[in-house]
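A.B. asks: pasting the sequence and the predicted coordinates here, then a few questions.
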Amino acid sequence: MVHGETKKPFVNLSSLEYVPWETRNLGMPAFGVAESFLKQPQLVQLEGDLAVLKQELPRFFVQARVSDQDHLEAIGILQKVGFFYVETVFTFVMRLKHHPLLAAFCSDPQSFLPKRYRGRLEAFLLRSSEDPNLAGASELLRGAFSYDRFHRDPHCPERIADQRFGYWLLDLLNDSKARIVTFFLDTKMAGVGILRDAEIVLAAAEKSWQRSGLGSYGFLWLLRMAKESGHREAYGVVSVHNIPMVRLLLRHTPLLYAQTQVTLHYWYLPVQQGESLSS
Ligand SMILES: CC(C)(COP(=O)(O)OP(=O)(O)OC[C@H]1O[C@@H](n2cnc3c(N)ncnc32)[C@H](O)[C@@H]1OP(=O)(O)O)[C@@H](O)C(=O)NCCC(=O)NCCS
């Protein structure tokens, strides 16, 4: 919770839910559109909730991730009150047993590395907040992303969009199901991959090493970890605007299944738009 901005836990909202982690990420109260609204969208309810928040808060943010097949009516209502489109994502599911590349990768990972990196790339698990590599991993993630929804949102300053990934890493470090892998090229961190059960949460190469073959290697490494943990499938959520990641996935067919959703954002920044967010 952001101190000084609100004292109430927002229990009376009917179509919105308070989101504490996004509040911390953005430095202002953040909410998500409730599942109950998506199932039975009502303009009056949503307008009522937004009016209550505008009375209580000097600024706030609301996000919605909505199926573009099942929730068209909800999307129309959200746009009517001022939500705007930021991205389309899809959930992919990938079979691990009959994966065309994974068996070969498991028996000889080195052969999947571009020649210039062979013998120089090593992987280590990042296990605790005491780990000396934590700061480097956080730094790498803060600089790696360009196509996520906050980098695409013109109301969000780049600094805040970047810092969300540092916070996310800390959250995942405290998640007993998440495994964080750091990849080192000689002594420099070249990539970070995060697997949570069978979910590929995140795969990132250091900015200057993107599109040079390291991303695919890290991705296969995560698939191997999922397979060795007994999972038959791995899955993840990817933005369709992230062409490097889409290309990587296409190189790792077959996709079993993919379903799309759209993300919409809403900002209430009445005084000096944008300035209040970046301050
Ligand atoms: C998504 C991401 C991990 C993909 O990694 P990548 O480095 O682009 O992908 P690869 O490692 O498969 O590299 C393939 C590219 O390197 C090029 N390449 C050059 N030499 C190569 C080699 N010897 N072997 C393989 N690829 C090589 C390929 O031509 C290919 O480029 P192309 O896609 O333009 O055709 C990376 O772009 C990234 O870190 N992005 C930011 C974080 C992010 O958005 N993550 C995804 C969501 S969590």
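C.D. replies: Everything's here; your move.
A.B. asks: how is the one residue in the chain that gets nearest to the ligand assigned, secondary-structure-wise?
C.D. replies: Using Cβ to the nearest ligand atom, the single residue of the chain nearest to the ligand is residue 215, 1.9 Å away. Yep, even glycine has a C-beta here, placed from its N, CA and C like the rest. Following DSSP: H, G, I helix; E, B strand; the rest coil, we place residue 215 in the helix state.
A.B. asks: quick check: closest non-adjacent residue to it.
C.D. replies: The shortest distance from residue 215 to any residue other than its chain neighbours is 4.7 Å, reached at residue 205 (Cβ to Cβ, 6 or more residues apart in numbering).
A.B. asks: could you do residue 121 as well?
C.D. replies: Nearest residue to residue 121 in three dimensions, chain neighbours excluded: residue 185, at 5.5 Å (Cβ to Cβ, 6+ apart).
A.B. asks: so for that neighbour, what's the pLDDT?
C.D. replies: Reading off the per-residue confidence, residue 185 sits at a pLDDT of 94.
A.B. asks: can you verify my assumption that it contacts residue 213?
C.D. replies: No - Residue 185 lies out of contact with residue 213 (Cβ atoms under 8 Å); the separation is 11.5 Å.
A.B. asks: higher neighbour count, those two?
C.D. replies: When neighbours are counted by other Cβ atoms under 10 Å, residue 185 and residue 213 differ, and residue 185 comes out ahead with 18 against 14.
A.B. asks: spit out the contact partners of that one.
C.D. replies: For residue 185, the contacting residues are 117, 120-121, 209, 214, taking Cβ atoms under 8 Å, 6 or more residues apart in numbering as the criterion.
A.B. asks: who wins for neighbours among these?
C.D. replies: Ranked by the number of neighbours (other Cβ under 10 Å), the contacts of residue 185 place residue 214 first, at 22 neighbours.
A.B. asks: confirm residue 203 sits in a strand?
C.D. replies: Yes - the assignment for residue 203 is a strand, going by three-state DSSP.
A.B. asks: circling back: what sits in contact with each of residue 185 and residue 213?
C.D. replies: Shared contacts of residue 185 and residue 213, counting by Cβ under 8 Å, 6+ apart, come down to residue 117.
A.B. asks: any idea how far the closest residue to residue 240 other than its chain neighbours is from residue 259?
C.D. replies: Computed as Cβ to Cβ, 6+ apart, the closest residue to residue 240 that is not its neighbour in sequence is residue 88, at 4.8 Å. From residue 88 over to residue 259 the distance is 11 Å, taken as Cβ to Cβ, to the nearest Å.
A.B. asks: and the strands in the stretch 151-279 of the chain?
C.D. replies: If you assign secondary structure with DSSP state E, counting those that start in this stretch, the strands in the stretch 151-279 of the chain sit at 178-185, 188-196, 199-205, 233-239, 255-268.
A.B. asks: need these in JSON lines with distance to the ligand, can you?
C.D. replies: Converted to JSON lines, those look like this (distance: least, Cβ to the nearest ligand atom, whole Å):
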{"stretch": "strand 178-185", "distance to the ligand": "11"}
{"stretch": "strand 188-196", "distance to the ligand": "7"}
{"stretch": "strand 199-205", "distance to the ligand": "4"}
{"stretch": "strand 233-239", "distance to the ligand": "6"}
{"stretch": "strand 255-268", "distance to the ligand": "14"}
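A.B. asks: is the residue nearest to residue 121 bridged to anything, and to what?
C.D. replies: Bridge pairing for residue 185 (DSSP bridges) gives the partners residue 121, residue 188.
A.B. asks: roughly how far apart are it and residue 212?
C.D. replies: Distance, residue 185 to residue 212, using Cβ to Cβ: 10 Å.
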